[in-house]
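**Q** Make a model of this:
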Amino acid sequence: MSAVDLRMLLADARHSGVYFVDARDTEAMAQAAGGLGYAVLRIDLAGCADKAALLRRFAAAGGFPDWFGHNWDALADALADLSWKPAAGYLLLVEHAGDWRAAHGEDFDTLLEILGEAAARWAEADTAFWALLPLPAELLSALEG
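**A** Below you'll find the predicted structure:
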């Protein structure tokens, strides 16, 4: 996909959501989102031990305010607000999620649900909100199969 096509895709808030993507496309997506004036939040889950660590990483990447309560409800509230990080749209890159998914399946499902709800709320406001989970090509192929 060309850079222009990628920007057109990311600019369309109606298609916002949570997607597994090829890890090789991560930088192109981040650059395209940056070119659109989006806030690009990179949440690296490499070595992430548990839910508490995951929430800390989201808080750090998003510059969450002091009121962030480090629980699922607080994450949902923070992602639905983002008033401290005004932008034309939002791109979350949840990197190295494969191992965390394998080790914390139920929590991973909860995270996907929260991200999906946030994307739907932002889309209703006509603001793009993309939560992308880059995976190695072979793992991505296994999910599609």
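**Q** For Ala23, give me its contacts.
**A** 95, 134-137, 140 (C-beta atoms under 8 Å, 6 or more residues apart in numbering). Where C-beta positions appear, they are placed from N, C-alpha and C, glycine not excepted.
**Q** So which bits of the longest helix belonging to the chain are buried?
**A** Within the chain, and with DSSP state H defining each element, the longest helix by residue count is helix 105-124. Buried residues in helix 105-124, counted by 16 or more other C-beta atoms under 10 Å: 108, 111-112, 114-115, 118-119, 121-123.
**Q** Next: stretch 7-20.
**A** Buried positions in stretch 7-20, judged by neighbour count with 16+ other C-beta under 10 Å: 7, 10-11, 13, 16-18, 20.
**Q** One more: stretch 46-62?
**A** 48, 51, 54-55, 57-59, 61-62.
**Q** okay, it in PDB with CA atoms only?
**A** Output of stretch 46-62 as PDB, limited to C-alpha atoms (Å, rounded to 0.1, in the frame of the first residue of the first chain):
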ATOM      1  CA  ALA A  46       7.900  -6.600  25.400                       C
ATOM      2  CA  GLY A  47       8.600  -8.200  28.700                       C
ATOM      3  CA  CYS A  48       5.300  -7.000  30.100                       C
ATOM      4  CA  ALA A  49       4.600  -9.300  33.100                       C
ATOM      5  CA  ASP A  50       1.000  -8.600  34.000                       C
ATOM      6  CA  LYS A  51      -2.000  -6.400  33.800                       C
ATOM      7  CA  ALA A  52      -0.600  -3.800  36.200                       C
ATOM      8  CA  ALA A  53       2.500  -3.500  34.000                       C
ATOM      9  CA  LEU A  54       0.400  -3.200  30.900                       C
ATOM     10  CA  LEU A  55      -1.700  -0.400  32.500                       C
ATOM     11  CA  ARG A  56       1.500   1.400  33.500                       C
ATOM     12  CA  ARG A  57       2.800   1.200  30.000                       C
ATOM     13  CA  PHE A  58      -0.400   2.600  28.600                       C
ATOM     14  CA  ALA A  59      -0.300   5.500  31.100                       C
ATOM     15  CA  ALA A  60       3.300   6.300  30.300                       C
ATOM     16  CA  ALA A  61       2.800   6.200  26.500                       C
ATOM     17  CA  GLY A  62      -0.400   8.300  26.700                       C
END
